[in-house]
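> pasting the sequence and the predicted coordinates here, then a few questions.
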Amino acid sequence: MDTVEHARFGRLETGALRDPDVVWEDVVRLGDGEVEVRLWAGPRSAPEAGELDELAARLADLPALDATARAALRAYLEEDRCFVDFHVEELADSRAAARLLRDADGAEVGAAAFVAAMRPTGIGLWTGGASDGAPVVVDYAFEPDLGDQLLAVKLTRDGAVLSVDWES
């Protein structure tokens, strides 16, 4: 069985994996809430120490990760308002949407205001053996208790934004 020891993630058992799976999880404080973090590994090979160090570095400064992700969200929503319009229309009776509409005072709800109302719902850390995609994914939702739509901000291990994707 492949076992890797890491200062942040502890003892990771990866040898019995047939498919990508969660090998470590935690709940962290981010802003005024808590976010579940999951580290995924795959069957191809055990994660390397350097790779784990880079992923752990993203968790060491969550406010910076959040700021980078929110800047990407604002840029995405300024270019394409569909996610904002969908949520403002579908959830117009929710407290958050009603507040955004009231504050907009007859104008469109702005991307910056909408992003400020979004909440991070999860952080996925993907080792090279688990995915060929982005190694860091931060999911954001508007009124997560009322819907399943989210924007996933995908980043490199060093924190550069790769994309923002609308998912459900």
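Arrived safely, thanks for sending.
> residues in contact with the helix or strand hosting residue 51?
Taking DSSP states H and E as the criterion, residue 51 maps to helix 49-60. Contacts with helix 49-60, where a contact means CB atoms under 8 Å, 6 or more residues apart in numbering, come from 4, 6-9, 28, 37, 39, 65, 123, 125, 127-128, 135-136, 155, 157-159. Heads up, the C-betas are built off the backbone N, CA and C, glycines and all.
> give me the neighbour count for residue 39.
24 (other CB atoms under 10 Å).
> that one contacts residue 23, correct?
Yes - at 5.6 Å, residue 39 and residue 23 qualify as touching, with contact defined as CB atoms under 8 Å.
> list residues touching both of these two?
Common neighbours of residue 39 and residue 23 are listed as 9, 12 (criterion: CB under 8 Å, 6+ apart).
> what residues are up against the nearest residue to residue 87 once chain neighbours are set aside?
Nearest non-adjacent residue to residue 87, counting by CB to CB, 6 or more residues apart in numbering: residue 142, 4.8 Å away. Counting by CB under 8 Å, 6+ apart, residue 142 makes contact with 87, 91, 96-97, 114, 117-119, 149.
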